[in-house]
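Structure of the sequence below:
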Amino acid sequence: MKRIRVLIVDDHTLVRDGIRSLLALTADIEIVGEATNGKEALEKARQLLPDVVLMDLAMPIMGGLEATRRICRELAATKILALTQYDDSEYVIPVIEAGARGFVTKMASFSELSSAIQAVYRGESFLSPSAAAALIEECQQKTAEEEGRDPYDQLTDREREVLKLVAEGHTAREIADMLIISPKTAEWYKASLMNKLNIHSKTDLIKFAIRRAIITL
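Numbers count the residues shown, from 1 in each chain. From the prediction side, this is the model:
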């Protein structure tokens, strides 16, 4: 049976010792190393190539968020599981956006922690109940705030440029040449603005542009 190779990252020795002792009880998990800050975590991850990194967020020298971002960028096979005392959305969302596959609080039970490690190792996502609740609350609040807003106001200046050019009938290649970006980037802007406007076809996009006087017939 292949064991899940885990790197523990935390600036508190007692925390690392406690986690190591607990995970030693799990037959399919092997602790391959420890790090005391994000910089050391990045170096150890490069050397050891762990399957999962248990990443604290608040650490000196380099925080867990930046370390997560760098490890995910350099080591695609290594999964990050954030392990922190904070569970508000201001911590959950950034680390998930940085590439972490899961988020567990230090108040979690041993069984929850081991389940989280196994889940992210399999390529699944895992959020502790408190983190999931914080994320849901944040999304609901954001949705409530955006209700009644003009969706056009959510577009960036570049997305508005792309909207106008698409509505005028230009291709992605033509838009890319005019804005000095790649065709792939032009397509990304198009998809992003259509998602924000909740528009699903080019015809509806043109109709929207006409109604808003972005283009004229």
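
May I see the buried residues of whichever strand or helix holds residue 186?
Element membership for residue 186 (DSSP states H and E) is helix 183-197. In terms of neighbour count (16 or more other Cβ atoms under 10 Å), helix 183-197 has its buried residues at 186, 189-190, 192-194, 196-197. All C-beta spots, glycine's among them, are computed from the backbone N, C-alpha and C.

Show me the protein divided up by domain.
4-140, 151-211 (automatic domain parsing).

Run the chain-centre distance for the first one.
On the basis of Cα atoms, centre = their mean, to the nearest Å, the separation between the geometric centre of domain 4-140 and that of its chain is 13 Å.

ok, now the shortest one?
In this view, domain 151-211 has its centroid 25 Å away from the chain centroid, taken as Cα atoms, centre = their mean.

In a markdown table: the buried residues of helix 183-197, plus distance to residue 126.
Compiled in a markdown table, the buried residues of helix 183-197 are given as follows (distance: Cβ to Cβ, whole Å):
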| residue | distance to residue 126 |
| --- | --- |
| 186 | 36 |
| 189 | 32 |
| 190 | 33 |
| 192 | 28 |
| 193 | 32 |
| 194 | 31 |
| 196 | 29 |
| 197 | 33 |
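
Can you classify residue 33 by secondary structure?
Secondary structure, DSSP: H, G, I helix; E, B strand; the rest coil: residue 33 is strand.

separation between it and residue 56?
14 Å (Cβ to Cβ, to the nearest Å).

Compare those two (neighbour count), which wins?
residue 56 (25 against 17; other Cβ atoms under 10 Å).

so which of the domains of the chain is the most packed in?
Of those, the one with the most neighbours on average (mean count of other Cβ atoms under 10 Å) is domain 4-140, at a mean of 18.
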